[in-house]
Each structure stands twice: as C-alpha cells, then as structure tokens.
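A.B. asks: Provided below are the primary sequence and the corresponding predicted coordinates.
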Amino acid sequence: MRQFAKPALAIVDSMRTAAAAEPARAIAFGGAPGSNSHQAAMQFAPDALPLPCFSFEDALDAVETGVAGCAMIPIENSQHGRVADIHFLLPESGLAIVAEHFMPITHALMALGEGPFEAAYSHPQALGQSRHYLHQRGITGMSYADTAGAAAFVAESGKSDIAALAPPLAADLYGLKIIENAVEDAHDNTTRFVVLAKDPLDPNSLAGTPTMTTFIFEVKNIPAALYKALGCFATNGVNMTKLESYQKGASFAATMFFADIEGMPGDPRVDAALDELAFQTNSVRLLGSYPQVRKRG
Ligand SMILES: O=C(O)C(=O)Cc1ccccc1
C-alpha cells in the first residue's frame, strides 16, 4: 500500500495543496511530515514548500514531472552506510545533484503504550542506526517506508505493544508518547543528503567555491581495472572521498562504482582525471557538481 497512514493524511494533503500552487518552490522528500528528510529539506531551504512523497522514488518522480523544483534525498549515514537503492535511483532519475546537506540524526522510541514492545517500526536506516539498542531490549526491527510514516502507522494501529523509531517531532504530530530519546547507537550519528534538480548548476555559479563532483563508472572486466581507474585520480592529484561498488545485472562481471571527488570539470586536474577515466573504463556518467559544505580531509 503506497499510502501514508491516516494520522498523516491531513498534514500531507495541506502540504500537497500548498506545493501544487507553486511547484517551483516545492521541495519533494521521501517520507511523512516530521521525517528526517522533511527536516533536512527545511534546514536547507527554509522558505521552500515541503512536498511529502511516500518513497524516495516518488520524490524523484515529482521533480522529473515538474511537481516539485527539487528533491532532498538521504544518501549515506556515518553509522549505517549507504542508503539502500540510492545508487540505482539517482542515475535512473536523470536528475542532477545540485547540493549536499549534512544533518545530525537522533531517533526516539515512541508508542501508544508504555512497553514492553514486541516490535519497532521504522526506516531501515533508523533500525540499523539503533541496532544495539533494539537488540539489547529484544525488540524486533520492522521495516517501514520512513520514520515519521512509521509513527503514523503505529498511531493508526491502536496497538500498545508496538513502537516506532522516529524523530521526536513525529510523536507530537501523530499523538505518540516518547518512551526514550536518543536511542541511536552513536551520538555523532550524521546523514549526508543530496538535493536533486532537473538542471545541473551553472558551472560559473561555482567559480571560486570548493566543490564536489559525483559520478558513476563501469570498469572493464579485466585484471587491475579498478587500479587503473583510480590511477587517473592519483596521478592528477584529485582527492576521491567516496567509492562504492555495485553490480549491474546478473552476470556479476559488470562492476559499477559510485564515487565522489573534490573539484569539478573545468578544473584542469579534474578534466585530465576524467578524460583518462573515460579511456580506462566502459562508461563514465557525471551526476552533478555542487558546493562542498563540509571540508573533507
Ligand atoms: O525516514 C526518514 O526519516 C528519512 O528521511 C530517511 C532517513 C532515515 C534515517 C536517517 C536519515 C534519513
């Protein structure tokens, strides 16, 4: 069922109506009102109109179809790593990354009852970020599309033996009691989000600013393929800050990488590295260049 639980519908509808009146000002996010992505969107663009979408994919679709000007999507977490499916969803969307945003994340355990709880519902990232907490208390993590949506679902269920892991704000919005705050396993728990839009940023707007560039590439299926690909950045002195591999298709021989570097095309060192990379690999696709908001290294 790709629909928010009832307690969320009134706020979702009013946000959707406001966004529909001014789509260019709308910032889509995957999750119910009160989700982490909603809060990240408001931190990033306080004057924007938040547009709740049931999934990350729906948020990207909203930008593609012109229902929103941009989307705020979580991509990786300091504790739990890559957000599932993002390395497929971002390239498939055809959108460009135009910004990054970092947000400290805290989860509260919230419920209708006082406990003990059989299960806690939440986004898989929140369950993973609170793995030890849940394990120590014998609470089973149950995956839900987003954290705040899980809180609305628990509220709608009327059950007192299930809980949600969600931002504290979600307890207020959906009428749950906070059982415990800050249940994440690491207190410096931080998620990196990216903002996607139809058009890439104008490179001139980035002149003189430290930048990041995100891209994907497919290595050739030969020995030392990755070594040669990475050599392009090493010899040109370009700093790579992220590299993740994944498979394309069922052959397990078409290996793709999702990477971030410091700098952007137009910088002679980055141009040289990317030219060499195109030569050393089967394909390279740039997903966007954008201001670096947190210094790396
Ligand atoms: O479900 C949410 O609240 C989201 O925005 C996804 C998410 C979940 C946990 C940490 C960061 C983002």
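C.D. replies: That came through fine. Because the structure is predicted, anything quoted here is derived from the model rather than measured.

A.B. asks: now the stretch 1-150 of the chain, which segments are flagged as low pLDDT?
C.D. replies: Flagging of the stretch 1-150 of the chain using pLDDT under 70 yields the residue ranges 1.

A.B. asks: who in it is up against the ligand?
C.D. replies: Gly31, Ser35, Asn36, Ser37, Pro74, Ile105, His123, Gln125, Ala126, Asp146, Thr147, Ala148 (C-beta under 6 Å from any ligand atom). From N, CA and C alone the C-beta is placed, and that goes for glycine too.

A.B. asks: out of those, list just those in strands.
C.D. replies: Restricting these to those inside strands, with DSSP state E as the criterion, leaves Pro74.

A.B. asks: mind putting the residues of the stretch 1-150 of the chain next to the ligand in TSV, neighbour count included?
C.D. replies: Converted to TSV, those look like this (neighbours: other C-beta atoms under 10 Å):
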residue	neighbour count
Gly31	33
Ser35	29
Asn36	29
Ser37	29
Pro74	26
Ile105	24
His123	27
Gln125	26
Ala126	29
Asp146	31
Thr147	29
Ala148	32
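
A.B. asks: redo the residues of the stretch 1-150 of the chain next to the ligand as JSON lines? Include distance to Lys295.
C.D. replies: Listed next are those as JSON lines, based on distance: C-beta to C-beta, whole Å:
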{"residue": "Gly31", "distance to Lys295": "29"}
{"residue": "Ser35", "distance to Lys295": "28"}
{"residue": "Asn36", "distance to Lys295": "23"}
{"residue": "Ser37", "distance to Lys295": "24"}
{"residue": "Pro74", "distance to Lys295": "21"}
{"residue": "Ile105", "distance to Lys295": "20"}
{"residue": "His123", "distance to Lys295": "28"}
{"residue": "Gln125", "distance to Lys295": "25"}
{"residue": "Ala126", "distance to Lys295": "27"}
{"residue": "Asp146", "distance to Lys295": "30"}
{"residue": "Thr147", "distance to Lys295": "29"}
{"residue": "Ala148", "distance to Lys295": "31"}
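
A.B. asks: per-domain residue ranges of this structure.
C.D. replies: If the domains of the chain are taken from automatic domain parsing, they occupy 6-105+190-197, 108-180, 207-291, with pieces of a single domain joined by a plus sign.

A.B. asks: end to end, how far does the first one reach?
C.D. replies: Across its full length, domain 6-105+190-197 reaches 30 Å end to end, with C-alpha to C-alpha, to the nearest Å as the criterion.

A.B. asks: just the shortest one next, same as before
C.D. replies: Counting by C-alpha to C-alpha, you get 6 Å between the two ends of domain 108-180.

A.B. asks: the last one too?
C.D. replies: Taking C-alpha to C-alpha, domain 207-291 runs 10 Å from one end to the other.

A.B. asks: distance from it to the middle of the chain?
C.D. replies: Remark: domain 207-291 is offset 21 Å from the chain centroid, using C-alpha atoms, centre = their mean, to the nearest Å.

A.B. asks: now do it, average pLDDT.
C.D. replies: The predicted model gives domain 207-291 an average pLDDT of 95.

A.B. asks: helix, strand, or coil at the residue of the chain most remote from its centre?
C.D. replies: Note on the chain: the largest separation between a C-alpha and the mean C-alpha position, by C-alpha atoms, centre = their mean, falls on Pro223 (33.0 Å). Three-state call for Pro223 (DSSP: H, G, I helix; E, B strand; the rest coil): coil.

A.B. asks: what about the helices in the stretch 151-297 of the chain?
C.D. replies: Read by DSSP state H, counting those that start in this stretch, the stretch 151-297 of the chain holds these helices, from start to end of the chain: 168-174, 225-235, 268-280.
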